[in-house]
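Colleague: Sharing a sequence plus its predicted fold:
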Amino acid sequence: MTHGMPLGTPLDVVVVMDPIASIKIAKDSTFAMLLEAQRRGHRLHYARPGGLAVSGMRAVADCMTLRVTDDPMHWFDLGSASQLELGAGQVVLMRTDPPVDANYIHDTQILDMAQRQGALVVNDPQGLRDFNEKLAALLFPQCCPPTLVSRNLAALKAFVVEHQQAVLKPLDGMGGRSIFRAGAGEANLNVILETLTDGGRHLAMAQRYLPEITDGDKRILLVDGEPIDYCLARIPQGDEFRGNLAAGGRGEGRPLSARDRWIAAQVGPEMKRRGMLFVGLDVIGDYLTEVNVTSPTCIRELDAQFGLNIAGRLFDCIEARLAS
């Protein structure tokens, strides 16, 4: 990492994200980061999906210059295309959504090279590989509900019977996809488990059902290990048990509770140590259920409800790291 850049030096901010034409800017945290970077005078570069490469033994990105506008009818303009060699004076925002598949892993390996060349990658590529968003919560067992991760259909079924009600999910989903609530005696339990594990070939996670979900699945944001003072509770609507906004949940901002702060204090120092500058914790009731590191959201909603500038906090940390 190249250090010692004076604070206020314009940076090249390279964003690796899903297609920018498809985003909903009222809910898109990457967009909030881009607006803040542009406001600070940094230069924006949009790396087209699949645009990371290695050329001449150097990590590069096929980019287009980018300008953003907080206008739901016309929120971006793309300019000239070029191939940027990634290195000193650059920040790479790695913000593509899961799944963390082979292509994603390979991109993080290229970003390892970019880091060695002097770029600051947010979040750290090694951490993106290491922290499966479901399994990472289990690194903090004192924070988690009873959980089983297994391919064994009989063991998963016994867990459901033991706890009477359980939530069953794949390890690579997002936005509430393929999450099931099942009870002991559920007529479809066998087929749910067969589907999730692909007949015992893939790991699935079972967690004790937390009835507090009716009060919301709380998203707590950590910036360089420190929690934002407010969380967004994603509250299930109608007959839906999932709170995910992508599954129709309603977002309601709330101050962090004492327990929320305790959980953040358990997780935050390890995230900071590992270079995970922007992390989203999912908390239901008193329990941590996920640690989101690939593309956590909820900046826009919390900024709007509480007059915050969460991306500003993030760029303060980014600029301080490059200046230290």
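Modeller: That came in fine, so what should we check first? Numbering: from 1, shown residues only.

Colleague: Any figure for the gap between the residue nearest to A184 when sequence neighbours are not counted and A154?
Modeller: Sequence neighbours aside, V161 is the residue nearest to A184 in space, at 4.5 Å (criterion: CB to CB, 6 or more residues apart in numbering). No exception for glycine: its C-beta is placed from N, CA and C like everyone else's. Taking CB to CB, to the nearest Å as the measure, V161 falls 10 Å from A154.

Colleague: what about these two, which has more around it?
Modeller: Per other CB atoms under 10 Å, whichever of V161 and A154 has more neighbours is V161, with 14 against 10.

Colleague: Quick one: the helices in the stretch 101-250 of the chain, in order.
Modeller: 102-116, 125-130, 153-163, 189-197 (DSSP state H, counting those that start in this stretch).

Colleague: nearest to L78, of those helices?
Modeller: Among those, the nearest to L78 by CB to CB is helix 102-116 (20.4 Å).

Colleague: And the closest one, what's buried?
Modeller: Neighbour counts over helix 102-116 (16 or more other CB atoms under 10 Å) mark 104, 107-108, 110-115 as buried.

Colleague: and if you look at stretch 91-103?
Modeller: Across stretch 91-103, burial judged by 16+ other CB under 10 Å covers 91-96, 98, 100.

Colleague: next one: stretch 113-129
Modeller: For stretch 113-129, a neighbour-count test (16+ other CB under 10 Å) marks 113-115, 117, 119-128 as buried.

Colleague: quick one: contacts for L288?
Modeller: L288 is in contact with 137, 140, 143-144, 263, 266-267, 281-282, counting by CB atoms under 8 Å, 6 or more residues apart in numbering.

Colleague: And for P98?
Modeller: Going by CB under 8 Å, 6+ apart, P98 touches 104, 133, 172-174, 294-295.

Colleague: sorry, back to before: buried ones from the contacts of L288, can you make that a PyMOL selection?
Modeller: The buried residues among the contacts of L288 can be selected in PyMOL (16+ other CB under 10 Å) with this line:
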select buried, resi 137+143+144+263+266+267+281+282
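
Colleague: can I get the contacts of L288 in CSV with distance to G87 and pLDDT?
Modeller: Listed next are the contacts of L288 as CSV, based on distance: CB to CB, whole Å; pLDDT from 0 to 100:
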residue, distance to G87, pLDDT
A137, 34, 97
F140, 35, 98
C143, 38, 98
C144, 40, 98
I263, 37, 98
Q266, 35, 98
V267, 31, 98
L281, 32, 98
D282, 35, 96
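
Colleague: Pick the one among the contacts of L288 closest to M73.
Modeller: Using CB to CB, D282 comes nearest to M73 of these, at 32.6 Å.

Colleague: which two from the contacts of L288 end up farthest apart in space?
Modeller: Farthest pair in the contacts of L288, by CB to CB: Q266 and D282, 14.1 Å.

Colleague: Give me the buried positions along stretch 165-174.
Modeller: 166-174.

Colleague: Sort out for me which of those residues are in strands.
Modeller: 166-170 (DSSP state E).

Colleague: so how far is G183 from the residue nearest to A184?
Modeller: 9 Å.

Colleague: what does W75 give?
Modeller: Taking CB to CB, one finds W75 at 44 Å from G183.
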